[in-house]
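[1] A predicted structure for the sequence below; I have some questions about it.
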Amino acid sequence: MYQFFVDPTQIHVSDKSVIITGEDVNHIKNVLRMRVGEEIAVSNGQDGREYRCAICALEESQVLCELRFVKEDKVELPARIFLFQGLPKGDKMELIVQKAVELGVYQVIPVAVSRCVVKLDDKKAAVKRKRWQGIAEAAAKQSKRAIIPEVTEVSSFAQAVERAAGMDVALIPYELAQDMSQTRKLLDSIGPGQSIAVFIGPEGGFSEAEITLAKENGIQPITLGKRILRTETAGLAVLSWMLYLLEV
């Protein structure tokens, strides 16, 4: 079943109607070639509900739907995970955003750290962010998320650390961290309702100065095992672990 996101004002529970506008109209009519009577799922990105609808009319600028029932099952993780991702080379960020959204991340924060090869000026960063947000939306639809996770503007490492310092749990995988038992203990302590920051370095990892700054602000180094993981693998490994621990 296809899923679409709409503004909360487009869902009218009292008269059992839903209106879809914007780019999704063309997608429904001309790409998916859907017809009157077909069922779709709609979310407003806020309340975690899934609104099951049937298409009533395919108009030029909108799709009119009949609301049949509201599915209350929560599909979001019971904790909010913020992925602070060091800017990787090439198009790896696209894969990272896509898979992180599928695994339940709440927000992705691109971070420019000292060992990043990629350097983005404001104009390039804005173009990249728009592209990444589009990938996040597509992944949210495909994985039946109740929200579209935001991909924020690029942050400096200092800005990212300052933001993460106010969260319940903050973790930074680091190749010199050796204690797997401590890592297990930290991850096992994570529970519902918490805000969780996960820092992932770019191809060159974090500098010693960045790790020191992170530690000084309560961000705890963890190990992901004896093997060195690529930047596009490391974050997904942590998110998969958290999915296992948090999913109910």
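    In hand now; what should we look at?
[2] Does anything pack onto the helix or strand of the chain with the lowest mean pLDDT? Which helices or strands?
    The helix or strand of the chain with the poorest confidence is helix 180-188; it has a mean of 87 (mean pLDDT, DSSP states H and E). On a contact count with 3 or more Cβ pairs under 8 Å, 6 or more residues apart in numbering; DSSP states H and E, helix 180-188 meets strand 169-173, strand 220-222, helix 231-246. The way it works is simple: take the backbone N, C-alpha and C, and place the C-beta from them, glycine included.
[3] mind redoing it with 7 Å?
    strand 220-222, helix 231-246 (3 or more Cβ pairs under 7 Å, 6 or more residues apart in numbering; DSSP states H and E).
[4] list the buried ones in it?
    Buried residues in helix 180-188, counted by 16 or more other Cβ atoms under 10 Å: 183, 187.
[5] follow-up on the earlier one: if we compare the helices and strands packed on helix 180-188, which one ends up closest to residue 21?
    helix 231-246 (32.8 Å; Cβ to Cβ).
[6] quick one: contacts of that closest one?
    77-79, 81, 83, 85-86, 88, 92, 95-96, 99-100, 103-105, 173, 187-188, 190, 192, 196, 198, 200-203, 224, 229 (Cβ atoms under 7 Å, 6 or more residues apart in numbering).
[7] and what of stretch 134-142?
    When contacts are defined by Cβ under 7 Å, 6+ apart, stretch 134-142 is touched by residues 3-4, 94, 97-98, 101-102, 147-149, 151.
[8] Export these as CSV, with columns for pLDDT.
    Output for the contacts of stretch 134-142, formatted as CSV (pLDDT from 0 to 100):
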residue, pLDDT
3, 89
4, 92
94, 97
97, 97
98, 98
101, 97
102, 96
147, 90
148, 92
149, 95
151, 97
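[9] Sort out for me which of these are in strands.
    3-4, 151 (DSSP state E).
[10] Top of those residues by number of neighbours, please.
    Within these, most neighbours by other Cβ atoms under 10 Å means residue 151, with 27 neighbours.
[11] That residue contacts residue 128, correct?
    No: using Cβ atoms under 7 Å, residue 151 is not in contact with residue 128; the gap is 9.0 Å.
[12] circling back: and residue 213, which of the helices and strands packed on helix 180-188 is closest to it?
    strand 220-222 (12.1 Å).
[13] what's the closest one packed up against?
    By 3+ Cβ pairs under 7 Å, 6+ apart, strand 220-222 packs against strand 169-173, helix 180-188.
[14] Please repeat the previous calculation with a cut-off of 8 Å.
    Partner elements for strand 220-222 (3+ Cβ pairs under 8 Å, 6+ apart): strand 169-173, helix 180-188, helix 208-216.
[15] Reformat those into a markdown table and put distance to residue 14 next to each item.
    As requested, the helices and strands packed on strand 220-222 are arranged in a markdown table below (distance: least, Cβ to Cβ, whole Å):
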| stretch | distance to residue 14 |
| --- | --- |
| strand 169-173 | 41 |
| helix 180-188 | 45 |
| helix 208-216 | 50 |
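[16] Show me which helix runs longest in this structure.
    When the chain is parsed with DSSP state H, its longest helix is helix 122-142.
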